[in-house]
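missing the sequence, but the structure's below:
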């Protein structure tokens, strides 16, 4: 399948306890908890994820083969209780792939140090690009959005 457009979106209706997500391709959503844990909420639609699901180890470029995208294939849906999400991170593979591949734990560290959502998003992109450059790897489509949700009583 030729590369296609990947996207992840989140919707919250005021008064609802749920945060709803939809995605296609290898764009991801993570919840950052009040305890500093970064938890993936989406699952990639690519060949590497299919191999992992089958208990096999993907090769270095298997993440590049999308099995679904906005033009063709599955749309993933997920709901999460908003009270479980202190911050929401939406990002492209240009952010999550270099950070998780080359420096596991760096995404959590960046989110812990970020003072506000804008700084968090900018730092995630900057770190992803830096990790790619260090390894002379491709640094395409590095995009991140961080949303902080108000906590009750705060």
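Sure, I can see it. Everything quoted here is computed from the prediction, not taken from an experiment. Residues are numbered from 1 along each chain as shown.

what number of residues lie near residue 81?
10 (other Cβ atoms under 10 Å). C-beta here means a position set from N, CA and C on the backbone, and glycine is covered the same way.

Thought residue 12 was touching it, still the case?
No. Contact criterion Cβ atoms under 8 Å: residue 81 and residue 12 do not qualify, at 11.0 Å.

okay, and the common contacts of those two?
18-19 (Cβ atoms under 8 Å, 6 or more residues apart in numbering).

Run through who's touching the lowest-mean-pLDDT helix or strand in the chain.
Between all helices and strands in the chain, the lowest mean by mean pLDDT, DSSP states H and E belongs to helix 47-53, at a mean of 78. Outside of helix 47-53, the residues within contact range by Cβ under 8 Å, 6+ apart are 26, 43, 57-58, 62-67.

which sections of the protein are below the confidence cut-off?
Scanning the chain for pLDDT under 70 picks out 1-3, 62, 64, 138-139, 152-154.

Look through it and tell me its longest helix.
Longest helix of the chain, by residue count under DSSP state H: helix 117-134.

after that helix comes which helix or strand?
Using DSSP states H and E, the helix or strand that follows helix 117-134 in sequence is strand 144-148.

from the middle of its chain, how far away would that following strand be?
Averaged C-alpha coordinates place strand 144-148 at 10 Å from its chain's average position (Cα atoms, centre = their mean, to the nearest Å).

For it, which residues meet the burial criterion?
Across strand 144-148, burial judged by 16 or more other Cβ atoms under 10 Å covers 144-147.

Please apply the same query to stretch 130-144.
130-132, 139, 142-144.

List the contacts of it.
Residues from elsewhere that reach stretch 130-144 (Cβ under 8 Å, 6+ apart): 89-95, 98-99, 102-103, 106, 120-122, 124-125, 128-129.

6 Å instead?
91-92, 94-95, 98, 102-103, 121, 124-125, 128-129 (Cβ atoms under 6 Å, 6 or more residues apart in numbering).

just to revisit the earlier point, quick one, which of the contacts of helix 47-53 are buried?
By neighbour count, with 16+ other Cβ under 10 Å, the contacts of helix 47-53 hold 26, 62-63, 66-67 as buried.

picking up where we left off before, I'd like the buried residues of strand 144-148 laid out as a markdown table, including distance to residue 114.
Shown next, in a markdown table, are these (distance: Cβ to Cβ, whole Å):
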| residue | distance to residue 114 |
| --- | --- |
| 144 | 11 |
| 145 | 13 |
| 146 | 7 |
| 147 | 12 |
